[in-house]
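Engineer: After the sequence you'll find the predicted model.
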Amino acid sequence: MFNAIMENMKVLLYLEGEKYLSKSGIGRAIKHQERALKLAGIDYTTDPEDDYDLVHINTYGLKSWQLMKKAQKAGKKVIMHGHSTEEDFRNSFIGSNQAAPLFKEYLCRFYQQADALITPTDYSKQLIQTYGVDTPIFVVSNGIDLSRYVPDKTKEETFRRYFSLSQKDPVVICAGLYFKRKGIEDFVKVAEKMPHVRFIWFGETNRWIIPADVNKIVSKNHPANVTFAGYIKGAVFEGAMSGADAFFFPSLEETEGIVVLEALASRQNVVLRDIPVYHGWIDDEAAELATTVDGFVAAIQRILDGRSFKKEAGYLVAQSKSIEKVSEQLADVYQKVMEL
């Protein structure tokens with residue numbers, strides 16, 4: 001039954017506003033979906049004008065809504081990807097907190113109308129269910145391509161050369177948008193308490209859409225040992241993931257955190273804020289967990305002192321979310337939705 005369905009099925013992977021989302025977690029997630037479908041041998045397209053049997057929608061704009069209604073009218077199945085929640089919309093753009101309740105209602109309209117939802121963690125599934133959404137929800141990680149994050153000495157040297165770092169210079173990295181939700185304020189506070197360490201933040205956000213206080217942090221209100229490097233990919237970023245001393249991600253809210261998977265896959269020392277999204281899959285055996293600035297400082301110092309030994313356990317977590325496993329899970333979900 002599985003083979004008969006999958007052999008004759010074509011999936012439309014849809015991302016509205018790809019130009020603006022390519023540097024975000026959602027933009028990277030759809031690339032992971034493409035890779036997963038190739039591995040599973042499932043025919044797919046990214047062109048809404050192509051023929052297809054099931055559409056997997058990753059965004060929530062007007063075009064996404066119109067596509068969903070058009071697909072359903074034509075008798076095609078629709079999966080919405082639950083990348084977003086009210087909670088992770090807050091503390092992001094200018095006015096996001098005021099708009100969050102309306103955004104939640106808007107999301108619920110999408111989620112309720114779809115044939116099924118996919119969310120990356122049990123935590124995000126539970127959040128969406130508390131909104132009153134009773135659409136079937138399947139949990140499938142965004143996944144990680146382990147082969148891309150094998151530690152590479154050449155890439156690590158490229159990273160250190162790019163930032164003029166010697167082999168002995170301690171360096172801590174982070175990756176994310178310029179959002180309060182991502183913990184940018186605590187990132188800077190921790191750096192202030194550790195002037196002997198270089199802190200580098202990868203990623204960026206259009207300055208016109210972030211609050212003034214965050215803009216000030218990025219432009220001038222940060223200590224000399226902090227670098228906001230902007231969006232960098234390729235050898236420099238991949239070299240940083242394995243070549244830095246630690247990956248410090250103080251985010252206050254996530255639906256999964258693709259960059260966390262990337263760090264774990266790189267066999268990196270990982271320092272996280274202890275928040276509910278990690279419960280059940282990342283514990284204090286796999287990462288340093290803390291909730292305060294002083295706790296983060298202590299965790300990073302343990303790593304720098306050689307007193308933290310969690311890399312291998314962290315890598316096992318990444319293995320459990322490998323793109324190969326995700327490809328099997330996606331295929332299983334598609335089959336189940338086609339049978340609804």
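Structural biologist: On my side now, so go ahead. Residues are numbered from 1 along each chain as shown.
Engineer: Tally up the residues packed near the closest residue in space to residue 97 that isn't next to it in sequence, please.
Structural biologist: Nearest non-adjacent residue to residue 97, counting by CB to CB, 6 or more residues apart in numbering: residue 90, 5.3 Å away. Placement of C-beta: from N, CA and C, glycine included. If you count neighbours by other CB atoms under 10 Å, residue 90 ends up with 20.
Engineer: three-state assignment of residue 134?
Structural biologist: coil (DSSP: H, G, I helix; E, B strand; the rest coil).
Engineer: Identify the residues contacting it.
Structural biologist: Residues in contact with residue 134 (CB atoms under 8 Å, 6 or more residues apart in numbering) are residue 112.
Engineer: So for it, what pLDDT did the model give?
Structural biologist: pLDDT for residue 134: 96.
Engineer: go on, the one 10 residues further on?
Structural biologist: Residue 144 is assigned 95 on the pLDDT scale.
Engineer: what about the closest residue to it other than its chain neighbours, how many neighbours?
Structural biologist: In space, and not counting its chain neighbours, residue 144 is closest to residue 261: 4.1 Å by CB to CB, 6+ apart. A count of nearby residues for residue 261, using other CB under 10 Å, gives 26.
Engineer: Residue 261 reaches residue 315, doesn't it?
Structural biologist: No - at 10.7 Å, residue 261 does not count as touching residue 315 under the criterion of CB atoms under 8 Å.
Engineer: where does residue 273 sit relative to residue 316, distance-wise?
Structural biologist: 21 Å (CB to CB, to the nearest Å).
Engineer: These two: which is more packed in?
Structural biologist: residue 273 (21 against 12).
Engineer: how about the nearest residue to the more buried one, chain neighbours excluded?
Structural biologist: Closest to residue 273 by CB to CB, 6+ apart is residue 250, at 4.9 Å.
Engineer: Show the model's pLDDT score for that neighbour.
Structural biologist: 98.
Engineer: Report the contact partners of it.
Structural biologist: 174, 182, 183, 186, 187, 190, 271, 272, 273, 296.
Engineer: Tell me the one among these nearest to residue 230.
Structural biologist: Lowest distance from residue 230 to the contacts of residue 250 (CB to CB) belongs to residue 174, with 12.9 Å.
Engineer: Doesn't the closest one belong to a strand?
Structural biologist: Yes - using three-state DSSP, the assignment for residue 174 is a strand.
Engineer: so how far is residue 182 from it?
Structural biologist: 8 Å.
Engineer: neighbour count winner among those two?
Structural biologist: Taking neighbours as other CB under 10 Å, residue 174 and residue 182 compare with residue 182 leading, 28 against 25.
Engineer: Would you mind listing the residues in contact with the more buried one?
Structural biologist: 174, 176, 250, 251, 252.
Engineer: for residue 122, same thing?
Structural biologist: So residue 122 contacts 139, 280 (CB under 8 Å, 6+ apart).
Engineer: hmm, try it at 6 Å
Structural biologist: Going by CB atoms under 6 Å, 6 or more residues apart in numbering, residue 122 touches residue 139.
Engineer: quick one, phi/psi of it?
Structural biologist: Residue 122 adopts backbone torsions of phi -60, psi -30, taken as degrees, to the nearest 10.
Engineer: gap between it and residue 235?
Structural biologist: 35 Å.
Engineer: try residue 334
Structural biologist: In terms of CB to CB, residue 334 sits 35 Å off from residue 235.
Engineer: more crowded one of those two?
Structural biologist: residue 334 (26 against 16).
Engineer: which helices and strands does the helix or strand where the more buried one lies pack with?
Structural biologist: Counting by DSSP states H and E, the element that carries residue 334 is helix 323-338. Helix 323-338 sits against helix 2-7, helix 25-40, strand 77-81, with contacts defined as 3 or more CB pairs under 6 Å, 6 or more residues apart in numbering; DSSP states H and E.
Engineer: for the ones you listed, which one sits closest to residue 94?
Structural biologist: Closest among the helices and strands packed on helix 323-338, once you apply CB to CB, is helix 25-40, at 19.7 Å.
Engineer: other SSEs contacting whatever helix or strand residue 102 lives in?
Structural biologist: Element membership of residue 102 [criterion: DSSP H and E] is helix 96-113. On a contact count with 3+ CB pairs under 6 Å, 6+ apart, helix 96-113 meets helix 86-89.
Engineer: okay, the helix it packs on in PDB with CA atoms only?
Structural biologist: The C-alpha coordinates for helix 86-89 follow below in PDB (Å, rounded to 0.1, in the frame of the first residue of the first chain):
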ATOM      1  CA  GLU A  86       2.100  33.000  19.100                       C
ATOM      2  CA  GLU A  87       4.900  32.500  21.600                       C
ATOM      3  CA  ASP A  88       7.800  32.600  19.100                       C
ATOM      4  CA  PHE A  89       6.200  35.600  17.300                       C
END
